[in-house]
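J.: this one's sequence-less:
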């Protein structure tokens, strides 16, 4: 732990290097953001049609639902398991051996890179907000308290996604063929985080499954806090759940990393 | 009628001018300023059937661009190209049937299937009937020694084996013209030898016209009788290799080894360039002083143990030509 | 005709190559299936809770989805790798295609076998058959022919649009991510009855990016719902022609842009 703190300046510099690479890939990034905005629009249209002339959905008013979906999708796009791809790329290109030999722990390097990338891309999201407002819907948080809780929850969500990204990336140490797994993960993440259908509308068996998975911490919990759908004791319980997942994934990540490193050392990369 | 006829070939490339930095990137979105480079600037060339021509130039001189126009990969900005009666970029498929192309380090073979399967596919693509295909495959396999690795997927082959496979693929359908783009790059001496003798064989027995671009001057020296030098998109020299040497490096060297050390060798009509112990190097102009005279004079005057005649190296000749170009005008 | 046999020979070679990596092959096919199924899960969850979408039952939406998916799978099987064009150009592998006695476009498309497409196509067929059990469609011979034409037309339309974007890469170098966006639009918006969209959006999705012609219009014909169309039902009956038209346009674009190829460096 102290090693990590000592390495913070290095991490910061690593993170700062990233926005330049983001600029180089800006076309691709903008295109994928446009994809998300289109998806938000589609969700708005479909849900509006579903809600037409319906009286049994007061529990989740349309405007609130649309704001939920808009923020959730933007968030899922921004806070993603990017380390998974980064780790996989380094393993595939053989740079991993060099990375591990550095004085700074490799997982930390990946997280630092993730932070940098997210910060680098954040301005794009900010610029896209007006479009998102038109494509879907945007409302301010239910209250100042909700807003604050949201930000805290968002930070935890980022940490959780970072860890999940690392874990997915570590799989690359055992198998080179990871594209399929990533595709499934992306959909599972989107679906079970409530990005397409809010968890509240899941049929019971599916909902039980969703609530047992970490994906809900990604968007469902933070955005529910934002909208004030979770308040008081419920809110704290939700945050606690996020933290539990954070701890679990942290422990898992450390354990898997130790196995991975020994594998490299034994095999020579 | 030349089989390859090139008249005033011009090829310009347009690249958008990019300004550095973030502001520059934004500006590039709005302006359409372009930089125009003339890679080929008025090249004219005739190649008769059955010739073996070396096409030489430094990186960026325009030689790959010329070849790409000849093979139909690029469409020229100006000028005419006719290859065996076909305009390459207009009649791409007809042109393809006439030519074989081997790119130095980019194999045309399919990666994951055995070499034999690749060759069969090529046979199909070029519409060879079975008997012809089988006959040609046998001949080429024998000439290039493909037998041992015909059943291996191409990704498992060494560079030399891949090159041999590519040559077989290129010659399988007996094209009238063979374009070779740096075919010996990265190969060891033995492999180079093998490739060179194959090219000579094809040229000799089948009358295949060969256009060879290369950096390796040994290739040119051993294979080509005619050489075309290109620089800055223009033809610098187009003629026989021998003439090139004679014009730019008219001297030969006589290397005399004495049986007994001691004397400094001097011969009329020759200039002693160097002497190390019993070995002397003398420079002379073969146009003015016949070699025979020198040898007779040497053996008369000195106890000669060995005599050798050295030609000027094409490499130094070419280097000299390019050096001349660098001089301030 | 010899072009066709050459096409099959080249595809078989590609397939053979892919089969070398047996586990990979299975994984990719499975991925294709899973990817499409996960796409459908959204609609399933939605409609199991809400029963109908703009008057379309789950069965009818599934029918539309399945119909589109079959066309999409066909497009992927035949044309799946057109997005590789940009990569070939960047890696210097495209030159080779220009010196072969094979139409360049054919060569690019056939250069690899899109294994995943088998999964996409298969799941489309399955979904369509299942959906058929949930709706009442009169499968008269004309209806069957129309459905077949729809599938082909859908494939041509998607392929055509991808081709237009790919052709532009000769001029603009990097259009691959644009291809994926186009793909996305089709994959997402093509599955829904168009009437849920407002007037402007409907217009854009009909005459802008012609998503409507892929499966929605034909589905309305087969399900007898042409009454709900904002445009003349005639357009729905002629839907497959749109695919032919777009593909023809795409071929012209390709032919026009190919001479601009600059063949970077060595």
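T.: Everything's here; your move. Everything quoted here is computed from the prediction, not taken from an experiment.

J.: could you pull out the helices for chain A?
T.: A:2-6, A:8-24, A:26-51, A:62-78, A:82-92, A:96-101, A:106-135, A:144-170, A:179-192, A:204-212, A:220-226, A:232-267 (DSSP state H).

J.: would you confirm that residue B:258 contacts residue B:304?
T.: Yes: look at residue B:258 against residue B:304 with Cβ atoms under 8 Å: they come within range, at 6.4 Å. Heads up, the C-betas are built off the backbone N, CA and C, glycines and all.

J.: okay, those two: which has more neighbours?
T.: residue B:258 (20 against 16; other Cβ atoms under 10 Å in any protein chain shown).

J.: got the contact list for that one?
T.: Shown in contact with residue B:258 (Cβ atoms under 8 Å, 6 or more residues apart in numbering or on different chains): B:265, B:278-280, B:302-305.

J.: just the pLDDT for the closest residue to chain B within the stretch 101-250 of chain A.
T.: Nearest residue of the stretch 101-250 of chain A to chain B: residue A:123, at 11.6 Å (Cβ to the nearest Cβ). Residue A:123 is assigned a pLDDT of 84 by the prediction.

J.: quickly note the distance from it to chain C.
T.: Noted for residue A:123: a distance of 19 Å to chain C, by Cβ to the nearest Cβ, to the nearest Å.

J.: just the pLDDT at residue 99, thanks.
T.: Picking chain A for this. Reading off the model, residue A:99 has pLDDT 79.

J.: can you look at chain C instead?
T.: So, for residue C:99, pLDDT stands at 91.

J.: contacts for stretch B:6-16, please.
T.: Contacts with stretch B:6-16, where a contact means Cβ under 8 Å, 6+ apart, come from B:28, B:32-46, B:62, B:65-66, B:69-70, B:74, B:76-81, C:262.

J.: which ones among these map onto strands?
T.: B:34-46, B:78-81 (DSSP state E).

J.: for the residues you listed, which PyMOL command selects only the ones that are buried?
T.: To isolate the buried subset of these in PyMOL, counting by 16 or more other Cβ atoms under 10 Å in any protein chain shown, use the following:
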select buried, chain B and resi 38+39+40+41+43+45+79+81
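
J.: test my guess that residue A:42 contacts residue C:187.
T.: No: the pair residue A:42 / residue C:187 is not scored as a contact, 10.4 Å apart, by Cβ under 8 Å.

J.: okay, the two: which has more neighbours?
T.: Neighbour totals were compared for residue A:42 and residue C:187, and residue A:42 leads with 22 against 18 (other Cβ under 10 Å).

J.: ok, stretch B:92-106 near chain C or not?
T.: Yes: if you take Cβ under 8 Å from any Cβ of the partner chain as the test, stretch B:92-106 does meet chain C, through B:92-97, B:99, B:101, B:103, B:106.

J.: biggest separation within these, which pair?
T.: B:94 and B:106 (23.3 Å; Cβ to Cβ).

J.: for stretch B:308-317, the distance to its chain's centre please.
T.: Relative to its parent chain, stretch B:308-317 has a centroid offset of 18 Å by Cα atoms, centre = their mean, to the nearest Å.

J.: so what touches that stretch?
T.: Taking Cβ under 8 Å, 6+ apart as the rule, stretch B:308-317 contacts B:217, B:220-221, B:241, B:244-245, B:248-249, B:251-255, B:257, B:291.

J.: what's around residue A:190, how many residues?
T.: For residue A:190, the tally of surrounding residues (other Cβ under 10 Å) stands at 21.

J.: report the mean confidence score over stretch B:74-91.
T.: Rounded mean pLDDT across stretch B:74-91 is 93.

J.: okay, and the beta partners of residue B:114?
T.: Per DSSP bridges, the residues bridged to residue B:114 are residue B:153.

J.: which pLDDT does the model give it?
T.: 90.

J.: how about the residues of the stretch 1-150 of chain C by chain B?
T.: So the stretch 1-150 of chain C meets chain B at C:2, C:6, C:9-10, C:13, C:16-18, C:20, C:92-93, C:95-96, C:98-104 (Cβ under 8 Å from any Cβ).

J.: switch the cut-off to 6 Å
T.: Applying Cβ under 6 Å from any Cβ of the partner chain, we find that the stretch 1-150 of chain C lies next to chain B at C:9, C:13, C:16-17, C:20, C:95-96, C:98-102.

J.: whichever of these end up buried, select them in ChimeraX.
T.: In ChimeraX, this line selects whichever of those come out buried by 16+ other Cβ under 10 Å:
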select /C:13,17,95,96,98,99,100,101,102
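
J.: just the residues of the stretch 1-150 of chain C next to chain B now: which is nearest chain A?
T.: Closest to chain A, out of all of the residues of the stretch 1-150 of chain C next to chain B and judged by Cβ to the nearest Cβ, is residue C:20, at 13.9 Å.
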